[in-house]
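*Asks:* missing the sequence, but the structure's below:
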């Protein structure tokens, strides 16, 4: 892929700003062997691209995240999902950086996914959408950078599945990334990770309204299955200590147990709310495809079983951050990445931060994480 | 980034002997004071390993590449001869297997700086001899039950292990009250020792 020369764009450039989308002709060659064309990418940018394009930062979102990293979500009306790290005075600052966040391939917020129209049939792809991988998501992001005229980014940053993208980015495009920040992530999905995802997928597929994925015509989506999938997954994003502190065994709006199956406990009510609110903003088929992509992720497997070999050609500085209560992608997974980076002779920064909130810690107030991201980014701007 | 505080005397001594532009691994780098000095004054390519997360965050915040880890367990992942110097300052006495840690330093670095407090300094000897108590001094302020120092050693102890293992001494310096002191009777009069070793 040829990388165009970066150039400063006038403020009126329609490629830049909030709620952008682009239809790229493609084709995008996928790991599965299939091709995708055209490729729609919905994205947002914040800040101004430097004349030399050197201040671009690509943020990769997590499994069910979206491009609305620091702006109001169009469906939920909630503030951006990472306003604690992105914004004025934050480590990723539009006053200093040109920030890009794109909806991942396979998702449902405007980028190509199972709900998109298949040009071959003029109907939604549904399960005819090709199975994608984390690397495919990254290749689509590289196509977007081409479109934006950005040859190289100062950093690619992501948490959870976004961290997987940040990790694989320099291995796929060594010349296009100067630094990678990988937060609460892993270099491969473990059996336990796959197992939890499979529970979610089976919940969706067991919903009679799923109908093999062809539910778009009447809009009667398998929301009950998707809500259960979200509830199960949400537990993995928290910690036992966090749940105990937040809910304990407290009852929900009642004095005594009802001896029934209503949501007696606060934790049940909370999970049900998480499930119900999730289905308003997410597509069940997208959930199937994206969880599959995460399950297929094994960076070492792509390099003859050696994680160190994966980093042999990389040029980027890496910063790996884990959280001590994250049992979804525990610290030992981050350490394995660090050890492989050392074995490959690459520059690595790593810290395990303490937080009671489990895997989701990176989305919450984490002053130490901000301090580390800020120091690491500024070291590259020296 | 400039330093607010002057470097600790053993670190300043090490910094004076690092070749400009060298690749340096600082094991037990703390908040990165030595690394920052080596980067800023010697243009060294510095990396750090540190066990305490708050120290790691502080070092990273000053733009230093530091990895949180344990000298006893994490050095094995660094390739042979991947650094010009490996540095272990005031950390030897806190490791579980100091001998193995030094072996690792000498594998990873072409040379290794090792600095440690001398437990045979006369103040400590007096405290034990006359007071009958484990010494608590300005330099070794911990009490026996809360000290991170689990392997107390003297300069002569260290010289003995150097001889036994066949390590070569490329340099040795002794510090008392922040200034260099002579090699003769260092085991009695030096608070700190700094050795430059080769495998």
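*Replies:* Great, that's in hand. Remember, predicted model here, so these are calculated numbers, not experimental data. Numbering: from 1, shown residues only, chains lettered A, B, ... in the order given.
*Asks:* assumed residue B:101 was part of a strand.
*Replies:* No. According to DSSP: H, G, I helix; E, B strand; the rest coil, residue B:101 belongs to no strand; its state is helix.
*Asks:* any idea how far it lies from chain A?
*Replies:* Shown here: residue B:101 relative to chain A, a distance of 16 Å by Cβ to the nearest Cβ, to the nearest Å. C-betas here are computed from N, CA, C, even on glycine.
*Asks:* contact partners for the residue nearest to that residue when sequence neighbours are not counted?
*Replies:* Leaving aside its sequence neighbours, residue B:101 sits nearest to residue B:95 (Cβ to Cβ, 6 or more residues apart in numbering or on different chains; 4.7 Å). Going by Cβ atoms under 8 Å, 6 or more residues apart in numbering or on different chains, residue B:95 touches B:71-72, B:101, B:150-151.
*Asks:* all helices for chain B, in order.
*Replies:* B:9-16, B:33-42, B:53-61, B:71-74, B:98-108, B:122-126, B:155-165, B:186-189 (DSSP state H).
*Asks:* can you flag the weakest of the ones you listed by average pLDDT?
*Replies:* Note on the helices of chain B: lowest mean pLDDT is at helix B:122-126, with a mean of 89.
*Asks:* and for that one, what's in contact with it?
*Replies:* For helix B:122-126, contacts defined as Cβ under 8 Å, 6+ apart pick out B:135, B:137, B:140, B:188-189.
*Asks:* of those residues, closest to residue A:81?
*Replies:* Nearest to residue A:81 among the contacts of helix B:122-126: residue B:140, at 49.6 Å, using Cβ to Cβ.
*Asks:* wait, doesn't that closest one sit right on residue B:119?
*Replies:* Yes. In this structure residue B:140 lies within contact range of residue B:119 using Cβ atoms under 8 Å: 7.4 Å.
*Asks:* in a strand, residue A:319, correct?
*Replies:* Yes. Using three-state DSSP, the assignment for residue A:319 is a strand.
*Asks:* so it touches residue A:372, yeah?
*Replies:* Yes. Taking Cβ under 8 Å as the definition, residue A:319 is a contact partner of residue A:372 at 7.0 Å.
*Asks:* who touches both of these two?
*Replies:* Counting by Cβ under 8 Å, 6+ apart, the shared contacts of residue A:319 and residue A:372 are A:349, B:60.
*Asks:* ok, and the closest non-adjacent residue to the residue in the stretch 201-350 of chain A that chain B sits nearest to?
*Replies:* Going by Cβ to the nearest Cβ, chain B is nearest to residue A:339 of the stretch 201-350 of chain A, at 3.9 Å. Leaving aside its chain neighbours, residue A:339 sits nearest to residue B:77 (3.9 Å; criterion: Cβ to Cβ, 6+ apart).
*Asks:* by contact count, what packs against the helix or strand residue A:376 falls within?
*Replies:* Here residue A:376 sits within helix A:367-381, counting by DSSP states H and E. Where contact means 3 or more Cβ pairs under 8 Å, 6 or more residues apart in numbering or on different chains; DSSP states H and E, helix A:367-381 is packed against strand A:155-159, strand A:179-183, strand A:317-323, strand A:348-353, helix B:53-61.
*Asks:* ok, back up a step: check the secondary structure at the residue of the stretch 201-350 of chain A closest to chain B for me.
*Replies:* helix.
*Asks:* cool, and residue A:113?
*Replies:* Assigned with three-state DSSP, residue A:113 falls in the coil class.
*Asks:* what do you get for residue A:64?
*Replies:* coil.
*Asks:* could you pull up phi and psi at the closest residue to it other than its chain neighbours?
*Replies:* Among residues not flanking residue A:64 along the chain, residue A:282 sits closest, at 5.7 Å (Cβ to Cβ, 6+ apart). Backbone geometry at residue A:282, expressed as degrees, to the nearest 10, gives phi -140, psi 150.
*Asks:* likewise the one 4 residues further on?
*Replies:* Reported as degrees, to the nearest 10, the phi and psi values for residue A:286 are phi -60, psi -40.
*Asks:* distance check, the closest residue to it other than its chain neighbours against residue A:64.
*Replies:* In space, residue A:286 comes closest to residue A:108 once its chain neighbours are excluded; the distance is 4.2 Å by Cβ to Cβ, 6+ apart. According to Cβ to Cβ, to the nearest Å, residue A:108 stands 9 Å off from residue A:64.
*Asks:* any residues in contact with both of the two?
*Replies:* residue A:282.
*Asks:* the helix or strand in which residue A:101 is found pairs with which strands, parallel or anti?
*Replies:* Using DSSP H and E, residue A:101 falls within strand A:98-102. According to DSSP bridges, strand A:98-102 forms sheet pairs with strand A:39-46 (antiparallel), strand A:56-60 (parallel).
*Asks:* which one of those has the most crowded surroundings?
*Replies:* strand A:56-60 (a mean of 28; mean count of other Cβ atoms under 10 Å in any protein chain shown).
*Asks:* what angle do that one and strand A:155-159 make?
*Replies:* Here the directions of strand A:56-60 and strand A:155-159 differ by 20 degrees (axes from the mean of the first three to the mean of the last three Cα atoms, to 10 degrees).
*Asks:* whichever residue of chain B sits closest to chain A: what's its closest spatial neighbour, skipping adjacent residues?
*Replies:* Closest to chain A within chain B is residue B:63: 3.2 Å, counting by Cβ to the nearest Cβ. Once flanking residues are discounted, residue B:63 sits nearest to residue A:379: 3.2 Å by Cβ to Cβ, 6+ apart.
*Asks:* show the pLDDT at that neighbour.
*Replies:* Here the pLDDT value assigned to residue A:379 is 92.
*Asks:* quick one: it from residue B:79, how far?
*Replies:* 23 Å.
*Asks:* pick out whichever of those two has more residues nearby.
*Replies:* residue A:379 (21 against 13; other Cβ atoms under 10 Å in any protein chain shown).
*Asks:* show me the contacts for that one.
*Replies:* Residue A:379 sits next to A:317, B:63-65 when contact means Cβ under 8 Å, 6+ apart.
*Asks:* thought residue A:213 was touching residue A:126?
*Replies:* Yes. With contact defined as Cβ under 8 Å, residue A:213 counts as touching residue A:126 (3.9 Å).
*Asks:* sorry, back to before: between the helices of chain B, which one is nearest to residue A:76?
*Replies:* Closest approach to residue A:76 among those (Cβ to Cβ): helix B:53-61, 32.6 Å.
*Asks:* how about the closest one, does it get close to chain A?
*Replies:* Yes. Under the criterion of Cβ under 8 Å from any Cβ of the partner chain, chain A is reached by helix B:53-61 at B:53, B:56-57, B:60-61.
*Asks:* neighbour count added to those residues, as TSV?
*Replies:* What follows is the residues of helix B:53-61 next to chain A, written out as TSV (neighbours: other Cβ atoms under 10 Å in any protein chain shown):
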residue	neighbour count
B:53	16
B:56	29
B:57	22
B:60	30
B:61	21
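*Asks:* okay, among those, which ones form the most distant pair?
*Replies:* B:53 and B:61 (12.3 Å).
*Asks:* got a pLDDT number for the residue of chain B closest to chain A?
*Replies:* 91.
*Asks:* and for residue A:12?
*Replies:* For residue A:12, pLDDT reads 78.
*Asks:* find the nearest non-adjacent residue to residue A:205, please.
*Replies:* In space, and not counting its chain neighbours, residue A:205 is closest to residue A:225: 7.0 Å by Cβ to Cβ, 6+ apart.
*Asks:* tell me which element the one you found is part of?
*Replies:* Per DSSP H and E: helix A:223-237 holds residue A:225.
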